Each structure stands twice: as C-alpha cells, then as structure tokens.
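Novice: this one's sequence-less:
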C-alpha cells in the first residue's frame with residue numbers, strides 16, 4: 001500500500017502528512033466522522049479502539065480509547081473547531097502526556113478520478129513536542145492506520161456500488 005508523504009522541516013512546529021485514498025471524499029469523510037467506522041481503522045492493528053465520544057460538528061468533542069493485548073489503555077481526546085466535508089479542524093491530545101495539545105487541520109480534496117487526497121497539518125506547541133512525536137513512531141503508526149482506512153474504504157466503496 002502507498003505510504004503517506006511526511007514533511008517535517010527542521011526547527012518548525014509542524015508536521016504535514018499527505019495520502020491519497022482510492023475513494024470519493026464523502027466516503028472518506030464518513031469513515032473519519034462515524035463512531036461506528038472509526039474503530040475499524042483508527043490506531044494500530046494489534047490494538048482495539050473504542051469511541052467514547054465523537055461529536056463531529058463545530059464545537060463538538062471526541063475521545064477514543066485504545067487497548068492493547070496486555071490490558072493497557074491509552075486515551076486520546078480533542079475538540080472540533082470546524083467540521084465540513086472538505087476540512088476538519090480539531091485538537092489532539094494524548095492523555096498520557098496532558099497539556100501537550102496539537103492543532104490539526106485535515107483537508108479532503110477529491111480529484112477528478114474519484115480519489116481523495118487527505119492532507120493533515122499538525123501544529124505543536126513546541127519544536128520539542130513535534131520532535132518527540134516524530135521519535136515516538138508516529139509515522140509508522142499513521143501509515144498503519146491509513147492502511148486500515150484504505151481497506152475499510154475499499155469495503156465501503158464496494159458496498160456503495
């Protein structure tokens with residue numbers, strides 16, 4: 001499967017990831033905002049994800065909990081600032097390191113051939129926070145989630161046809 005392009009210019013507070021999915025924008029948006037679909041792709045394949053809250057609307061909030069095979073629990077949460085079919089702006093915070101909030105802007109751009117390019121700009125409070133995220137394995141974890149999302153979109157697209 002294709003991997004996301006990652007840009008992290010030295011000394012900046014931002015990571016930009018871009019990946020194109022073989023699905024129309026409305027399906028990608030649904031997969032990203034439907035609490036029944038998110039657990040099917042969000043996070044590592046070996047972990048299970050529970051959606052505790054997902055209010056995909058301006059001013060709404062979200063909280064996802066991952067559990068690994070050893071019984072460890074990892075919580076993530078944020079607030080939606082703006083939600084539309086072509087752009088989602090929210091915050092992202094890992095509950096294991098409170099106070100380190102990331103501002104995410106996700107754009108969904110449908111191409112003429114029915115594919116959709118997802119671009120995620122993650123802005124960190126400091127370069128140290130950004131570099132810590134890069135060193136945590138974020139790129140591999142994101143690509144694993146995106147691979148799972150590709151698989152889900154393929155199923156969704158087939159059932160829509």
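Specialist: In hand now; what should we look at? Fair warning: this is a prediction, and the values are worked out from it, not measured in the lab.

Novice: For the rest of this, base every contact and every neighbour count on C-alpha atoms.
Specialist: Noted.

Novice: What ranges does the protein have for its helices?
Specialist: Here the chain has its helices, by DSSP state H, at 25-33, 127-135, 138-160.

Novice: For residue 93, which non-adjacent residue is spatially closest?
Specialist: Once flanking residues are discounted, residue 93 sits nearest to residue 101: 4.9 Å by CA to CA, 6 or more residues apart in numbering.

Novice: so who does the one you found touch?
Specialist: 91, 92, 93, 94, 124, 125 (CA atoms under 8 Å, 6 or more residues apart in numbering).

Novice: so the fifth one makes contact with residue 104?
Specialist: Pointing back at residue 124 there. No - with contact defined as CA atoms under 8 Å, residue 124 does not count as touching residue 104 (9.0 Å).

Novice: Buried by neighbour count: which residues of the longest strand anywhere in the chain qualify?
Specialist: Counting by DSSP state E, the longest strand found in the chain is strand 73-84. Buried positions in strand 73-84, judged by neighbour count with 16 or more other CA atoms under 10 Å: 75, 76, 77, 78, 79, 80, 81, 83.
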